[in-house]
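Peer 1: How does the following fold in three dimensions:
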Amino acid sequence: MITVNVVVRNSNDNKNCHFPQRELSARVDPVKQLTPMDSHFFYFEAPNQPMMIGSLWLCDQTTAPDGLVRHKDILQYISDRLNTTSYFRRRLEQAPFQLDDPYWLQDENFDVEYHVRHVGLPQPGDWRQLCIFTARTMSRSVDMERAPWEIYIIEGVNNVEGVPPGSFAVLIRFHHAYVDGKAGLELTTALWEDTPNHEYGRRDHVEVAERPPTRLEMWARTTPRMIGQSFRSLRAGVEITRKSYELAKRLRGEARPEQRRVPKTVFNTTISPHRSYAGYELTIAELKRMRQLCAGSSLNDVIISVIAGGMRRYLSAHNALPGNESLVSMCPVSIRPEDARKDGGNLVSAMFIGIGTDIADPVERLKAVQRRTQNGIPLAKEVLCDLSNAYGDMVPAYMRNMGAALGNKLRLAGKYPMVNTVITNVPGIPGMQPKYFAGATIRMVSPIVPIADGVAISHGITGIYDRICIGVLADRKVVPDMDFYVSCLAESTREFLAATEALEEAKAAAAKEVTAVTEPASKSKENKPDASKNTRKAANTTDKQAAEKAASKQEESVVEASQRKSGSAA
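Peer 2: Down below sits the predicted model:
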């Protein structure tokens, strides 16, 4: 174990205070081994499929204290914020002879200026130029000898809707072995603040790591794991048998697939190293309106249905839409607990569903997606996750590494499709409170999800403030007309909104008819004599008459008695 000195400052300190309130010394192990799922993304890395995940931000620097953010300020700002998590300083280290999964070590030669690059956007500095730069950058991997992340500060954003001229963009990207979507969002938001007034030079959590382990110490870690591999394989085999039985049982029951085959499309091919990219925005208000079309549907169901409508239009325009079969999407499902949000790595399962590209009616498509996700999510969380982890534990790391290399060499994924696309929803930033990067307001966040052989297009979904953004990354040779693809998504959205308006009008007309029927009935009821009231009135009159008659008889009796009494006296 290596001692790490941690200096913690209370977040409520006065801004002018530069002294720590207390110092804590914690004993932590800076060496963390990749899980089999993390290693999967490292082993499948190839020149044509860099396993990079990231996001693109639009930043308005007019909100900065001086109305301007300089690159040296950004470098200082990032240096201050990097210490919110130790993951920014970790690099990959192979196990001896690659006999085991790799490890994350603290990078003793970490240099923030290597990871933060400053570039200028070609004129006219519009959204198209920004997407071209993003696509070209995402076509390359990172140096795995260093911490596997990069940040590009992109100046010259002068003609992009939603931000004023003179704004800048930030492209941040990580290797997928480093983080999954949710952990990537946590690392991303670690660079954001709730105020534009950053206190430069202040670090809330300062970690100072000592030397990395020697080669001998790495052998000391690897040898026991190699000895224990047979026991892990045996235990994993038992788990695989149990979960396979449960999977078969569910597939025959409530999770029975509606479609047993994945159609081969233009997206199922061996990809090139070149990329195309675009982002498409919807408002949460629009999505909530569209959700009315199917009771019980989620916003995620609506977004998947919109994407399916866009893919249907795009493939139809290219005469490439499968006949009576729906495209199948892999939808990652996070199983990350809240207390592990900043731990990095990959804690996900996967849901495989037909997204309804064979259904022309948007309402029926949404109903189909809602039904399939309702059955697919529990299956992914309760069965497929454990099954995947058990397979990773059963097969030794060196065999998984060789299997991935062989699969890449033979291009098997492009020949035998398992899915047609990836649609992943990364939880967004809740609330309307502005977020700032070095004093500049974050106006938009567009996610980026990698593609691979056999899956030439991916869709990342995330939200900030009152908007949801769909980031689309594709192989440029498969989707050379990305602008047209985005127009297909827009047309699919209009189709859903038209159906929503028709539903709202029908509801309003029905409510009007009900009002028209009930109002005359109410008026006639008001004008009609109340029979019960008349009955009560008649009953009261009868009672009164009876009482008067009884009183009259009593009076007569009294008079007669009085008269008799008078006669007797005489």
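Peer 1: Need the per-residue pLDDT for residue 389.
Peer 2: Residue 389 is assigned 89 on the pLDDT scale.
Peer 1: in the chain, what spans have low per-residue confidence?
Peer 2: When residues are selected by pLDDT under 70, those of the chain lie in 1-30, 181, 202-210, 338-345, 519-570.
Peer 1: switch to 80 and redo it
Peer 2: Where the chain drops to pLDDT under 80, the residues are 1-30, 83-87, 180-186, 189, 201-212, 254-255, 259-260, 335-347, 427-431, 516-570.
Peer 1: Show me which helix runs longest in it.
Peer 2: If you go by DSSP state H, the chain has its longest helix at helix 482-527.
Peer 1: Please tell me how far that one is from the chain's geometric centre.
Peer 2: Helix 482-527 has its average C-alpha position 30 Å from the chain's average C-alpha position, going by Cα atoms, centre = their mean, to the nearest Å.
Peer 1: Show me what it packs onto, helices and strands only.
Peer 2: Helices and strands touching helix 482-527, as assessed by 3 or more Cβ pairs under 8 Å, 6 or more residues apart in numbering; DSSP states H and E, comprise strand 275-283, helix 284-290, helix 299-317, helix 362-379, strand 467-475. Bear in mind the C-beta positions are built from the backbone N, C-alpha and C, glycine included.
Peer 1: To residue 503, which of those lies closest?
Peer 2: Taking Cβ to Cβ as the criterion, helix 362-379 is the member of those that comes nearest to residue 503, at 8.2 Å.
Peer 1: tilt between the closest one and helix 299-317?
Peer 2: For the pair helix 362-379 and helix 299-317, the angle between their directions (axes from the mean of the first three to the mean of the last three Cα atoms, to 10 degrees) equals 120 degrees.
Peer 1: next structured bit after helix 362-379?
Peer 2: Sequence order places helix 385-394 as the next helix or strand after helix 362-379, per DSSP states H and E.
Peer 1: Buried residues in that next one, which are they?
Peer 2: For helix 385-394, a neighbour-count test (16 or more other Cβ atoms under 10 Å) marks 385-394 as buried.
Peer 1: Tabulate those residues (JSON lines), appending distance to residue 480.
Peer 2: What follows is the buried residues of helix 385-394, written out as JSON lines (distance: Cβ to Cβ, whole Å):
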{"residue": "385", "distance to residue 480": "37"}
{"residue": "386", "distance to residue 480": "41"}
{"residue": "387", "distance to residue 480": "38"}
{"residue": "388", "distance to residue 480": "34"}
{"residue": "389", "distance to residue 480": "39"}
{"residue": "390", "distance to residue 480": "41"}
{"residue": "391", "distance to residue 480": "37"}
{"residue": "392", "distance to residue 480": "37"}
{"residue": "393", "distance to residue 480": "42"}
{"residue": "394", "distance to residue 480": "42"}
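Peer 1: between the residues you listed, which is nearest residue 373?
Peer 2: Taking Cβ to Cβ as the measure, residue 373 lies nearest residue 385 of the buried residues of helix 385-394, at 16.1 Å.
Peer 1: Now that closest one: closest residue in space that isn't a chain neighbour?
Peer 2: The spatial neighbour of residue 385 that comes closest, neighbours along the chain excluded (Cβ to Cβ, 6 or more residues apart in numbering), is residue 349 at 3.6 Å.
Peer 1: Show me what whichever helix or strand that neighbour is part of is packed against.
Peer 2: Secondary structure assigned from DSSP H and E places residue 349 in strand 348-354. When contacts are defined as 3+ Cβ pairs under 8 Å, 6+ apart, strand 348-354 sits against strand 328-334, helix 362-379, helix 385-394.
Peer 1: Could you list every helix and strand in contact with the longest one?
Peer 2: Secondary-structure packing of helix 362-379 (3+ Cβ pairs under 8 Å, 6+ apart): helix 299-317, strand 328-334, strand 348-354, helix 482-527.
Peer 1: switch the cut-off to 10 Å
Peer 2: In terms of contact count using 3 or more Cβ pairs under 10 Å, 6 or more residues apart in numbering; DSSP states H and E, helix 362-379 is assigned the packing partners helix 229-252, helix 284-290, helix 299-317, strand 328-334, strand 348-354, helix 482-527.
Peer 1: burial of the residue nearest to residue 472 when sequence neighbours are not counted, as a residue count?
Peer 2: Closest residue to residue 472 apart from its sequence neighbours, by Cβ to Cβ, 6+ apart: residue 278 at 5.2 Å. Around residue 278 sit 22 other residues, with neighbours defined as other Cβ atoms under 10 Å.
Peer 1: pretty sure residue 278 contacts residue 127?
Peer 2: Yes: with contact taken as Cβ atoms under 10 Å, residue 278 and residue 127 are classed as touching, separated by 8.4 Å.
Peer 1: and stretch 40-53, how far from the chain's centre?
Peer 2: With Cα atoms, centre = their mean as the basis, stretch 40-53 stands 22 Å off its chain's centre.
Peer 1: got the buried residues for that stretch?
Peer 2: The neighbour-count criterion (16+ other Cβ under 10 Å) identifies 40-46, 48-53 as the buried residues of stretch 40-53.
Peer 1: Could you list which residues are in contact with the most centrally placed residue in the chain?
Peer 2: Nearest to the mean C-alpha position of the chain, counting by Cα atoms, centre = their mean, stands residue 426 at 2.2 Å. Contact criterion Cβ atoms under 10 Å, 6 or more residues apart in numbering gives 53, 55, 180-185, 188, 332, 334, 445, 447, 449, 460-463, 471 as the residues in contact with residue 426.
Peer 1: Now which of those residues would you call buried?
Peer 2: Burial of the contacts of residue 426 was assessed by neighbour count (16+ other Cβ under 10 Å); the buried members are 53, 55, 180-185, 188, 332, 334, 445, 447, 449, 460-463, 471.
Peer 1: I'd like the helices and strands packed on helix 482-527 as a markdown table, with distance to residue 245 appended.
Peer 2: Shown next, in a markdown table, are the helices and strands packed on helix 482-527 (distance: least, Cβ to Cβ, whole Å):
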| stretch | distance to residue 245 |
| --- | --- |
| strand 275-283 | 42 |
| helix 284-290 | 39 |
| helix 299-317 | 30 |
| helix 362-379 | 14 |
| strand 467-475 | 38 |
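Peer 1: With residue 66 as the reference, name the closest of these.
Peer 2: Residue 66 lies closest to strand 467-475 among those, at 28.1 Å (Cβ to Cβ).
Peer 1: Can you give me the buried ones in the helix or strand containing residue 403?
Peer 2: Taking DSSP H and E as the criterion, the element that holds residue 403 is helix 397-410. Along helix 397-410, the positions that meet the burial threshold by neighbour count (16+ other Cβ under 10 Å) are 397-398, 400-401, 404, 408.
Peer 1: just those residues now: which is nearest residue 231?
Peer 2: Distances from residue 231 to those, taken as Cβ to Cβ, are shortest for residue 397 (15.3 Å).
Peer 1: contacting residues for the closest one?
Peer 2: Contact criterion Cβ under 10 Å, 6+ apart gives 33-34, 36, 39, 43, 95, 98-102, 222, 225-226, 229 as the residues in contact with residue 397.
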